[in-house]
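Asker: Provide a 3D model corresponding to the input given below.
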Amino acid sequence: LALDGVDGYLARRSRLASTFGARFDMEVDAFLALVLAVLIWRSGKAGIWILGLGSLRYAFIMASVWSAPLRGELYPSFRRKAVCVLQIAALCLMLSPLLSATLASLLGVTALVCLTASFAVDVVWLYRQSTSFPAADHPTRSQRALRLLNSSTHRAPGKAANSDTSP
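Answerer: Next comes the predicted model:
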């Protein structure tokens, strides 16, 4: 878990970070969470509900097949990274023989609530972004940035919003 954060830091610091590397790291983390959740469920420390901690990413992917807004691009988020660390740490601790089944379940429920809330924030944001633009025109992040730069709020000083500059 500690080395998972170190590899990203070192990649960014040495300028070897890439979109593919970040995505690969995220998918490996999601798979690890699924495997850990299955191990916890099979150990009897938690009920089948624990599989939610390992399967929400895959449920999101499946939902995006049927819902175009969920295929949108998300902004970088410290919240997402922190919740992922909480998720994996909770799953690892739940496997520890030092935690009773009651404590393990409490930790798992807490992590599941945080993870579900994080996904909910992203789903709501993606749906709001999709309704901000006409259905046929879902711009990329760079296109949205250009629109903001060219909007009336970024006009030259002294120019009225609807002023006609023709002689």
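Asker: max-length helix in the protein?
Answerer: Longest among the helix segments of the chain by residue count, using DSSP state H, is helix 101-131.
Asker: That one packs against which elements?
Answerer: Judged by 3 or more CB pairs under 8 Å, 6 or more residues apart in numbering; DSSP states H and E, helix 101-131 is in contact with helix 51-66, helix 78-95. Yep, even glycine has a C-beta here, placed from its N, CA and C like the rest.
Asker: Just list what the first one packs against, helices and strands only.
Answerer: Counting contacts by 3+ CB pairs under 8 Å, 6+ apart, helix 51-66 is packed against helix 19-43, helix 78-95, helix 101-131.
Asker: and that helix, which residues are buried?
Answerer: Across helix 51-66, burial judged by 16 or more other CB atoms under 10 Å covers Leu51, Gly52, Leu53, Gly54, Ser55, Leu56, Arg57, Phe60.
Asker: What of the longest one?
Answerer: Taking 16+ other CB under 10 Å as the basis for neighbour counts, the residues of helix 78-95 that come out buried are Arg80, Val83, Cys84, Leu86, Gln87, Ile88, Ala90, Leu91, Met94.
Asker: From Asp4, how far off is the fifth one?
Answerer: Spelled out, that is Gln87. Here the criterion is CB to CB, to the nearest Å. By it, Gln87 lies 12 Å from Asp4.
Asker: repeat for the second one
Answerer: Distance of Val83 to Asp4, computed by CB to CB: 14 Å.
Asker: Repeat that for the last one.
Answerer: Computed as CB to CB, the Met94 to Asp4 distance reads 17 Å.
Asker: The third one now?
Answerer: Cys84 is 9 Å from Asp4, where distance means CB to CB.
Asker: The longest helix of the chain - what's its average pLDDT?
Answerer: Here helix 101-131 scores 95 as its mean pLDDT.
Asker: how about that helix: buried residues?
Answerer: 104-105, 107-109, 111-112, 114-115, 118-119, 122-123, 126, 129-130.
Asker: State the pair within those residues that is farthest apart.
Answerer: Ala104 and Ser130 (38.6 Å; CB to CB).
Asker: related to what we said a few turns ago, could you dump the helices and strands packed on helix 51-66 to CSV with distance to Ser64?
Answerer: As requested, those are exported to CSV (distance: least, CB to CB, whole Å):
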stretch, distance to Ser64
helix 19-43, 14
helix 78-95, 16
helix 101-131, 9
